[in-house]
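Enquirer: A predicted structure for the sequence below; I have some questions about it.
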Amino acid sequence: MTSTQRDIEVSYDVSNEFFRLWLDENMHYTSASYLRGDETLEEAQQNKARILYEYAEMNEEKTILDVGCGWGANLEYIAQRGCKRADGITLSTAQWEWIRARANPKIRAFVCDYADFEPEEPYDALVSIEMIDHLCSPAQSRQGLAVELYREYFRKLHGWIRPGGLFAFQAILRNRVPRNRKDLEDLRFTADVIFPGGLNPRLEELVMAVNPYWEILELRTQRESYGRTTAEWLRRLRMHEQEIRARWGDRLFEDYDRYLSTCVRAFASHWSSDVQMKLRHIPA
C-alpha cells in the first residue's frame, strides 16, 4: 500500500471511543446507501451492506474476504446474513482489536498489508469498501502511476478468488477540482492530516484498471448518499463537541469538524462521488 501502517494508524487509531460517538452503531466508516432518502444512518448503512452482499452473491456455503475491513461492520452483516466464513484484513491494530473483542466464530481478522496477504485457499467472493483510496498518493498520481497501481491491486486480488467468483467493490471518487483557494486548502488538509498517503481515484481510472482481470457487471454511483452520510457524521460529531474537546482536546474536534464540513461541500459541489461495482473474475 502507498499509505503505510503509520498513516493508517493516524487515520483510524485515534480512539475507538471517539469514532463511536459519531459513526453509526455498527461503526461503518464508509458511505451509506440512501435508497429512499428518508432512512436513518443505521438503515442506510444496512442498505449498503445488503447491496454489496448481493453483488457478491453470498450464501451460507461461501467464504469471503473483506479487503480493508475497518471495524468489521460489514463482516458482522455478512456473518449474520449467511456465510461459511468471513475474513478481513486491516492495517489498523485498533480496528483489529475491536473485531477480535466481538468474538464472532464466523469472522477472522488479520493485521496485514494487502500486498503481503496470502490466502490459505481461494475465496468464493471478495468485498472491498473504500480501501483503494489508500493505494495511490497525490505525488504518484502526478507521475502518471495511478492506473498502474490500481491495476496491480486488481491483479493481486484476482489470484485470491475461485474462477468466475464475484467481487463487491466500493470506492470514493474524485471528480471536479474546486477553483476557490480555501476549498483547495481544505481538501489538501483532509488528504494530508486526516488521510495521509492516500488519494481518491477517478472513475475512468478504475474502469481502465480492472482490465484484464475483472468484468464489470453492474456499476452505480451514489454521490448524494455520501453527502448525506458525511452530513450526519458531522451532526453527530457536533452533538458531542464538549465531550470530544474534554477527552481528546480542541485540536482533534476542530480537525474533524473541518474535515467533515469539507466532505459535505465536496459531495454537494461534485468534487467527490462514490461508486459501487459488481465485478466478475475473468479466468486466466
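Expert: Everything's here; your move.
Enquirer: What is the subsequent helix or strand relative to the longest strand seen in the chain?
Expert: Longest strand of the chain, by residue count under DSSP state E: strand 161-174. As assigned by DSSP states H and E, the chain's next helix or strand after strand 161-174 is helix 181-189.
Enquirer: Remind me what the next helix-or-strand element following that following helix packs against, helices and strands.
Expert: Going down the chain from helix 181-189, the next helix or strand is helix 203-209, by DSSP H and E. Packing partners of helix 203-209 (3 or more C-beta pairs under 8 Å, 6 or more residues apart in numbering; DSSP states H and E): helix 146-158, strand 272-281. C-beta here means a position set from N, CA and C on the backbone, and glycine is covered the same way.
Enquirer: give me that answer again for 10 Å
Expert: helix 146-158, strand 161-174, strand 214-221, strand 272-281 (3 or more C-beta pairs under 10 Å, 6 or more residues apart in numbering; DSSP states H and E).
Enquirer: Partner strands of the second one and their direction?
Expert: Within its sheet, and counting by DSSP bridges, strand 161-174 is paired with strand 123-129 (parallel), strand 272-281 (antiparallel).
Enquirer: Send me the shortest one as PDB with only the CA atoms.
Expert: Output of strand 123-129 as PDB, limited to C-alpha atoms (Å, rounded to 0.1, in the frame of the first residue of the first chain):
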ATOM      1  CA  TYR A 123     -12.200 -17.500  -1.500                       C
ATOM      2  CA  ASP A 124     -15.600 -17.700  -3.100                       C
ATOM      3  CA  ALA A 125     -16.100 -14.000  -3.100                       C
ATOM      4  CA  LEU A 126     -14.400 -10.700  -2.200                       C
ATOM      5  CA  VAL A 127     -15.500  -7.300  -0.900                       C
ATOM      6  CA  SER A 128     -13.600  -4.100  -0.500                       C
ATOM      7  CA  ILE A 129     -15.100  -0.800   0.600                       C
END
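Enquirer: how big is the angle separating that strand from strand 214-221?
Expert: On the basis of axes from the mean of the first three to the mean of the last three C-alpha atoms, to 10 degrees, strand 123-129 is oriented at 40 degrees to strand 214-221.
Enquirer: And for the last one?
Expert: Between strand 272-281 and strand 214-221, the angle formed by their directions is 150 degrees, by the same axes, to 10 degrees.
Enquirer: taking the mean pLDDT, what do you get for strand 272-281?
Expert: Averaging pLDDT along strand 272-281 yields 98.
Enquirer: Run the chain-centre distance for it.
Expert: Relative to its chain's centre, strand 272-281 lies at 12 Å (C-alpha atoms, centre = their mean, to the nearest Å).
Enquirer: So which bits of that strand are buried?
Expert: Neighbour counts over strand 272-281 (16 or more other C-beta atoms under 10 Å) mark 272-279, 281 as buried.
Enquirer: Could you tell me which residues make contact with the spatially most central residue of the chain?
Expert: Note on the chain: the residue nearest the mean C-alpha position is residue 130, at 2.5 Å, using C-alpha atoms, centre = their mean. Taking C-beta atoms under 10 Å, 6 or more residues apart in numbering as the criterion, residue 130 is in contact with 29-31, 68, 70, 169-172, 198, 200, 226, 274-275.
Enquirer: Rank these by pLDDT and give me only the lowest.
Expert: Among these, residue 198 carries the lowest pLDDT, at 79.
Enquirer: Look at the residue nearest to that one when sequence neighbours are not counted and say how many residues are nearby.
Expert: Distance criterion C-beta to C-beta, 6 or more residues apart in numbering; nearest residue to residue 198, sequence neighbours excluded, is residue 134 at 4.3 Å. Other residues near residue 134 come to 22 when the count uses other C-beta atoms under 10 Å.
Enquirer: Quick check: mean pLDDT of the helix or strand that residue 66 is a member of?
Expert: Using DSSP H and E, the element containing residue 66 is strand 63-67. Average pLDDT, strand 63-67: 98.
Enquirer: Strand partners (parallel or antiparallel) of it?
Expert: When DSSP bridges is applied, strand 63-67 pairs with strand 85-90 (parallel), strand 123-129 (parallel).
Enquirer: export that strand as CSV, just CAs?
Expert: These are the backbone C-alpha positions of strand 63-67, laid out as CSV (Å, rounded to 0.1, in the frame of the first residue of the first chain):
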residue,chain,number,x,y,z
THR,A,63,-16.3,-17.8,2.1
ILE,A,64,-15.5,-14.2,1.6
LEU,A,65,-12.6,-11.8,2.3
ASP,A,66,-13.1,-8.1,3.1
VAL,A,67,-10.1,-6.2,2.0
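Enquirer: Alright, that wraps it up for me.
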